[in-house]
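Predicted model, plus sequence, below.
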Amino acid sequence: MMPHSGVVDAAAKGVKLGGGGGGALMVRRVASGKLLSASSHLLFRATILATLCLVCLFTVHYPSLLSHSFHLSSAAAAAANGKHRAASRSSHRSLLGSSAAVAYGGAAWEKEVRRSAAPRRDGGLSVLVTGAAGFVGAHCSLALRARGDGVVGLDNFNSYYDPSLKRARQRLLASRGVAVLDADINDAALLERLFDAARFTHVLHLAAQAGVRYAMRAPQTYVASNVAGLVSVFEVAAKHADPQPAIVWASSSSVYGLNTDAPFSEEHRTDRPASLYAATKKAGEAIAHAYNHIYGLSITGLRFFTVYGPWGRPDMAYFSFARSIVAGEPITLFRTADGADARRDFTYIDDVVKGCLGALDTAGESTGTKSGKKRGPAPLRVYNLGNTSPVPVTRMVAILEKLLGRKANKRVVTMPSNGDVPFTHANVSHAARDFGYRPATPLDAGLRRFVDWFVHYYKLDTAKIAKGKRKSMAMSAAS
Ligand SMILES: O=C(O)[C@H]1O[C@H](OP(=O)(O)OP(=O)(O)OC[C@H]2O[C@@H](n3ccc(=O)[nH]c3=O)[C@H](O)[C@@H]2O)[C@H](O)[C@@H](O)[C@H]1O
């Protein structure tokens, strides 16, 4: 520090002496020479310091910088293939705004994808499961793996409900040899990379924004996942995958909306959705028709009916009611305007998994190629996967009370007009005919398995629950 301030002093003196004769000029020249050499010295040191800082910064942020540059180069490659596709891709990215942080690519990543995608039986499928850390996705991935199919999962681990439950499912899947990547379905570059790394025969597309009533609060997330995300998956399957996979995806019983004919059949009207959730699923079915028609993609939509069971979704009524009953908190029960209980065709997860695997096994091949040529029409199917016996929600609560050994603190209100429908009831004859779908789990048996898992997963005091259970049974026997 000292030499620098000395030079500055000399220079200042030189300026001050500048108004005098030759001697003064001499002094000024010497001073400015000194100033020049000191400045370049200073500049050199500053450059070294800045370089060191940059090296430190790069080291600390290495993974994200790496992933970012991968995305940029992927986007550039996509631009070379077609500007339009790149533009639509970036608009989806900005819709979600998070996919740029995903780290993927590289030899180790591709090796892991190929390992997980490889079937372990002759004629086994190789399935890309989107939403694999979700409730239905995790169960289907485990079932596919257990019978020797190859499975690669992806999930964006969003916080619609507790992501730690999704991470626990991911760990369970990893222990069975299924890799679940942190990735978003709107990240087309990632999907392309996946199809470059492995030849998936099928896509089981379950990633979606679920929940009927939440659509009032976060409408855009439904559009981003259930419409833009679905298109993203179809686009890559139609135009990039070689050969094209067959796709089975999750529609919903909610597409029946205000339909009053029961039981709900695939032939019934689905043009009167009661919620935005239902509307996005219905839009998905129309989008599926277009991709099947234009690109020859084999597409099967499955209309799930209020699926429940172990490892379920905490936002659903049976799960949130169980938590509230244990915590001694009130639950709200919806009743229709004419005083009837809401009823649901509650469908147990194992039955739904059988339906999903049956749909995959009978999907039929896609007939298009990535060059745009189509050999002929490809299958386009839609099936109900329900339980065929609607149960009042009050009955579901009574079963939970019995299993948990505690009475619920019930608050009954008229069903708000927030997208809910008073009842659902599936006719499953098409699924039975085409892949032998036969739901076999009554609600009390399914809820018992759910409660066993629930108590274990949340480490609840089983002695306390058993004591409460005995008390409640004695009370109901006495009354
Ligand atoms: O089949 C589907 O396609 C959908 O199923 C599921 O929707 P729903 O059938 O509405 O399930 P869920 O919220 O568990 O409410 C169950 C019952 O409890 C009643 N209910 C609900 C909440 C409450 O506080 N009180 C109440 O009475 C409510 O009135 C209803 O009668 C999935 O969430 C959805 O993602 C989609 O997959």
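That came through fine.

So which residues on this structure come close to the ligand?
Residues of the chain that fall close to the ligand, judged by CB under 6 Å from any ligand atom: 210-212, 252-254, 304-306, 316-317, 332-334, 342, 344, 393, 420. All C-beta spots, glycine's among them, are computed from the backbone N, C-alpha and C.

helix or strand for Val180, which one?
Using DSSP states H and E, Val180 falls within strand 179-182.

does Tyr348 have beta-bridge partners, and which?
Tyr308 (DSSP bridges).

Pull up the gap between it and Tyr318, please.
From Tyr348 over to Tyr318 the distance is 11 Å, taken as CB to CB, to the nearest Å.

between these two, what contacts are shared?
Shared contacts of Tyr348 and Tyr318 (CB atoms under 8 Å, 6 or more residues apart in numbering): Tyr308.

one step back: of the residues of the chain next to the ligand, keep whichever come out buried.
For the residues of the chain next to the ligand, a burial check counting by 16 or more other CB atoms under 10 Å picks out 210-212, 252-254, 304-306, 316-317, 333-334, 342, 344, 393.

ok so, going back, please narrow the residues of the chain next to the ligand to those residing in helices.
Ala317, Val393 (DSSP state H).

just checking, which of the residues of the chain next to the ligand belong to strands?
Cross-referencing the residues of the chain next to the ligand against strands under DSSP state E gives Ser252, Phe304, Thr332, Leu333, Phe334, Arg344.

Show me the two of those that sit farthest apart.
Phe304 and Thr332 (23.7 Å; CB to CB).

Would you pull up the residue in the stretch 1-150 of the chain closest to the ligand?
Residue nearest to the ligand within the stretch 1-150 of the chain (CB to the nearest ligand atom): Val136, separated by 9.1 Å.

can you pull the contacts of the closest residue to Pro422 other than its chain neighbours?
Setting aside the residues directly before and after it, Pro422 is nearest to Thr336 in space (CB to CB, 6 or more residues apart in numbering), at 4.6 Å. Thr336 sits next to Ala342, Thr414, Met415, Pro422 when contact means CB under 8 Å, 6+ apart.

tally of neighbours for the last one?
The burial count assigned to Pro422 is 18, neighbours taken as other CB atoms under 10 Å.

Show the contacting residues for it.
Pro422 neighbours (CB under 8 Å, 6+ apart): Thr336, Ala340, Ala342, Arg343, Met415.

And the last one, what's its pLDDT?
According to the model's per-residue confidence, Met415 sits at a pLDDT of 93.

in a helix, that's where the residue of the stretch 1-150 of the chain closest to the ligand is, yeah?
Yes - Val136 sits within a helix when classified using DSSP: H, G, I helix; E, B strand; the rest coil.

correct me, but it touches Phe304?
Yes - the criterion here is CB atoms under 8 Å, and Val136 meets it with Phe304 at 7.2 Å.

which residues are common contacts for those two?
Ala250, Val352.

Nearest residue to Leu172 in space, ignoring adjacent ones along the chain?
Counting by CB to CB, 6+ apart, the residue nearest Leu172 is Ala138, at 7.0 Å.

Closest to Ala218 out of the contacts of Thr336?
Met415 (20.6 Å).

Mind pulling up the pLDDT for the nearest residue to the closest one once chain neighbours are set aside?
Once flanking residues are discounted, Met415 sits nearest to Phe334: 4.0 Å by CB to CB, 6+ apart. Per-residue pLDDT puts Phe334 at 96.

isn't Phe334 right next to Asn418, touching?
No - applying CB under 8 Å as the test, Phe334 and Asn418 come out as separate, 9.5 Å apart.

shared neighbours of the two, which are they?
Common neighbours of Phe334 and Asn418 (CB under 8 Å, 6+ apart) do not exist.

so what secondary structure elements neighbour the stretch of helix or strand Phe234 belongs to?
Using DSSP H and E, Phe234 maps to helix 229-239. Other helices and strands packing on helix 229-239, by 3 or more CB pairs under 8 Å, 6 or more residues apart in numbering; DSSP states H and E, are helix 83-96, helix 188-197, strand 202-205, strand 246-252, helix 276-295.

Please tabulate those in TSV, including the columns mean pLDDT.
TSV is the format used below for the helices and strands packed on helix 229-239 (pLDDT from 0 to 100):
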stretch	mean pLDDT
helix 83-96	33
helix 188-197	96
strand 202-205	99
strand 246-252	98
helix 276-295	98
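
which of the contacts of Pro422 lies closest to the ligand?
Among these, and counting by CB to the nearest ligand atom, the member closest to the ligand is Ala342, at 3.5 Å.

Which residues are in contact with that closest one?
Leu333, Phe334, Arg335, Thr336, Pro392, Val393, Met415, Asp420, Pro422, Phe423.

how about those in JSON lines, adding distance to Leu460?
JSON lines is the format used below for those (distance: CB to CB, whole Å):
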{"residue": "Leu333", "distance to Leu460": "23"}
{"residue": "Phe334", "distance to Leu460": "27"}
{"residue": "Arg335", "distance to Leu460": "30"}
{"residue": "Thr336", "distance to Leu460": "33"}
{"residue": "Pro392", "distance to Leu460": "26"}
{"residue": "Val393", "distance to Leu460": "23"}
{"residue": "Met415", "distance to Leu460": "31"}
{"residue": "Asp420", "distance to Leu460": "29"}
{"residue": "Pro422", "distance to Leu460": "33"}
{"residue": "Phe423", "distance to Leu460": "32"}
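
got the contact list for Ser389?
By CB under 8 Å, 6+ apart, the residues touching Ser389 are Asp345, His425, Pro442.

Highest neighbour count among those?
Asp345 leads those on contacts (other CB under 10 Å) with 25 neighbours.

coming back round to it: starting at the chain centroid, how far to the strand holding Val180?
11 Å (CA atoms, centre = their mean, to the nearest Å).

could I have it exported to CSV, CA atoms only?
Output in CSV follows, covering the C-alpha atoms of strand 179-182 (Å, rounded to 0.1, in the frame of the first residue of the first chain):
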residue,chain,number,x,y,z
ALA,A,179,-33.5,-44.9,-11.5
VAL,A,180,-35.8,-41.9,-11.1
LEU,A,181,-34.3,-38.7,-12.6
ASP,A,182,-35.0,-35.2,-11.3
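
In its sheet, which strands sit next to it, and in what direction?
strand 150-155 (parallel).

Buried residues in the partner strand, which are they?
Buried-residue list, strand 150-155, by 16+ other CB under 10 Å: Gly150, Val151, Val152, Gly153, Leu154, Asp155.

In a markdown table, list those residues along with distance to Met216 and pLDDT.
Formatted as a markdown table, the buried residues of strand 150-155 follow (distance: CB to CB, whole Å; pLDDT from 0 to 100):
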| residue | distance to Met216 | pLDDT |
| --- | --- | --- |
| Gly150 | 40 | 98 |
| Val151 | 35 | 98 |
| Val152 | 34 | 98 |
| Gly153 | 30 | 98 |
| Leu154 | 28 | 97 |
| Asp155 | 25 | 98 |
